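Q: Pasting the sequence and the predicted model now:
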Amino acid sequence: MKIKFWLSMLLSIVTTSTFAINPCVQNIEKHVGTTWMEMTQCDLHDEDIPAINAYLESHKNIIRFQAINTRIGDAGAATLAKNTNLELINLNGNDVGDKGAIAFGKYAKLKNLDLSHNHKITDDGATALAQNTSLDLLDLRDNQIGEEGARALAKNHSISSLWLNENHIGNKGASAFEHASMNLKYLNLSSNSISDEGVIALAHNAVIEALSLDYNQIGNEGAFALAANNTLVSLNITYNHIGPAGLHALKNNKTILDLKVEGNDGL
């Protein structure tokens, strides 16, 4: 019965549209496992997603969907967000913007979402995603998120791991995580034009255990502040502008077990 439903839905989509069916969709069974669907490098477009979603809806065992480096945009993302069983969605390297992010912000079952390298998501999309209370892991690296989006995400109470590297959050965005929720344990803010000002505030955070601040503009003052933190276990502060005194202070911290400092001025 499920197979008949799937074939009927697929035929309807194909016959009512001039869009040629994608070979990966046509041979969809070759791209699924017990709990996953893998569509990476399938050159998917938004027009392919209704057929994929119909298959997913008739196969409730599939809870993970991955389509890296395809061409899914806002319309396709919004269609996926209507799914009722997916818990993990990876759309790394697609064409999703704020409208798609806003749709995922309303997805109640989603636990793990990767929208990295989409280049289009701004503060509006980040703010919408911050309203999602089921997300555990969220990857938004290499987008267009600024301080407003960072402030919204810092208030989220479900996310435990957050990637915001290669965005534009700056010092004010970094400072927002001074009072991040108790659940946030991993935070990546590399390549965000953060200097001592932002790090001095961020260093007051007492819940984050792993922090990446590489490729910023941090000097000795920021290093001294981080050295006084007694919650961090892992710190990547490579390729900043920390001198010998700052590096010495960091190396004397008793709780940081994994410290990366290469590429700084004091080496």
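A: Nice, I can see it.
Q: what's residue 52 sitting at in phi/psi?
A: Dihedral angles of residue 52 (phi, psi; degrees, to the nearest 10) stand at phi -60, psi -40.
Q: from memory it sits against residue 42, does it?
A: No. Counting by C-beta atoms under 8 Å, residue 52 does not reach residue 42; the two are 9.7 Å apart. Where C-beta positions appear, they are placed from N, C-alpha and C, glycine not excepted.
Q: With neighbour numbers in mind, choose between those two.
A: residue 52 (26 against 21; other C-beta atoms under 10 Å).
Q: The more buried one: what's its closest spatial neighbour, skipping adjacent residues?
A: residue 25 (6.3 Å; C-beta to C-beta, 6 or more residues apart in numbering).
Q: Now do the helix or strand hosting that neighbour, average pLDDT.
A: Using DSSP states H and E, residue 25 sits within helix 23-26. Averaged over helix 23-26, pLDDT sits at 94.
Q: Can you give the contact residues for that helix?
A: 10, 30, 31, 39, 42, 43, 44, 48, 51, 52 (C-beta atoms under 8 Å, 6 or more residues apart in numbering).
Q: What residues sit buried inside it?
A: Within helix 23-26, the residues that count as buried by 16 or more other C-beta atoms under 10 Å are 24, 25.
Q: what does stretch 177-184 give?
A: So for stretch 177-184, counting by 16+ other C-beta under 10 Å, buried means 177, 180, 184.
Q: how close does the last one sit to residue 156?
A: Applying C-beta to C-beta, to the nearest Å, the value for residue 184 to residue 156 is 8 Å.
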